[in-house]
Structures are given as C-alpha cells and as structure tokens.
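*Asks:* Whatever this is, show me its structure:
(chains A and B)
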There are 2 protein chains.
Amino acid sequence: MKKVKVYVTLRESVLDPQGSAVMGSLHKMGYGEVADVRIGKYLELVIEDSERDVDALVNELCHRLLANTVIEDYRYEIEEVVSQ
Amino acid sequence: MKKVKVYVTLRESVLDPQGSAVMGSLHKMGYGEVADVRIGKYLELVIEDSERDVDALVNELCHRLLANTVIEDYRYEIEEVVSQ
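*Replies:* Reported below is the predicted structural model:
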C-alpha cells in the first residue's frame, strides 16, 4: 500500500485571485510583511498495491482528474505504508 | 525574505466529502485501487524580513485566517529565499 502526497499549484504565469484575496485580508489585518500568497491543493491518496506502476498511475490520475494541466502544475511524493 | 509552505488538512476524525467525491469519481473511472482520498489546502507565502519571529507570525496567520483549527490541522516549512 502506498500513500501519495500530491501538490497541485497554479502555474507561475496564471493569476491567483484566491491568493490575492487572502493577501488583501492579511494586509487589512496588519500583516503587511506578507508579500505574496499563492493557494493550491494538497491531496493525500492511499493506493492499494496492484500490478500497475504507481508512478504511471499517479501521473494518469493527475492528468485525467486531479489537476488541470493547462493552468496547473503538480508534483507528488510516494511513501510506502508500513502496516501496523 | 522567507518562503513559507503551509499545508492545511482536515483532522483525521472529520469527514471529507470533497475527498469522498473525488474517490467516487476515480472508482467510476476504473481506478479501484485508490483506497482513500483526503483533500487539503497548500499555500505558499512570501514574507518580508521584519523584527517579528517568522515561526510565531506563521502560527498567528494560520490560527487567525488560514486554517480553522477546530476541524483542520496545519503544518509548515520555512525556506530562506536567496536573492538573485
């Protein structure tokens, strides 16, 4: 069994209105030292062992559903789950 | 200048309907080996150097705005930004 941590972020060139809104709020709250905020998604998947290669599988999941690769980048980490 | 990566996740005991929906979609798409999906937020903050301690500042930001600590946990990593 594998635990996969996926980070989906907007590409550098894409505006992040959600991040801008959070930064605006932080500034109004007095945190002027916050110079930039970008917001993305963080997903934790648990994947059962199968005959499929996990790397290939995760890339397929990201391309088909988890990320919009036109405007988003993704990266991931795979951890082996040690059964208790 | 510091770059802070913040990961906000639902607490273990809290239901994650968004994650369940994604898992349901993955199952319908034929990815039955996906046993669990949890979805959280990933934030990248850029923070200017100031007299405030960055650790204390980030904890304050998370408690006051970025995370709802009743139902969410957060963790963060601080990186020094090397100016080009």
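
*Asks:* contacts, neighbours, all on C-alpha from now
*Replies:* Fine.

*Asks:* list the buried ones in stretch A:9-23?
*Replies:* By neighbour count with 16 or more other C-alpha atoms under 10 Å in any protein chain shown, stretch A:9-23 contains the buried residues A:Thr9, A:Leu10, A:Asp16, A:Gly19, A:Val22, A:Met23.

*Asks:* In chain A, where is pLDDT below threshold?
*Replies:* Scanning chain A for pLDDT under 70 picks out A:84.

*Asks:* do that again at 50, thanks
*Replies:* In the prediction, chain A carries no residues with pLDDT under 50.

*Asks:* which residues in chain A form helices?
*Replies:* Listed in chain order, the helices of chain A (DSSP state H) span A:17-28, A:54-61.

*Asks:* Which strands and helices lie in contact with the shortest one?
*Replies:* Spelled out, it's helix A:54-61. Applying 3 or more C-alpha pairs under 8 Å, 6 or more residues apart in numbering or on different chains; DSSP states H and E, one finds that helix A:54-61 contacts no other helix or strand.

*Asks:* do you know how far the residue in chain A sticking out farthest from the centre is from A:Gly24?
*Replies:* In chain A, A:Gly30 marks the outermost C-alpha relative to the chain mean, sitting 28.3 Å out by C-alpha atoms, centre = their mean. For A:Gly30, the distance to A:Gly24 (C-alpha to C-alpha, to the nearest Å) stands at 10 Å.
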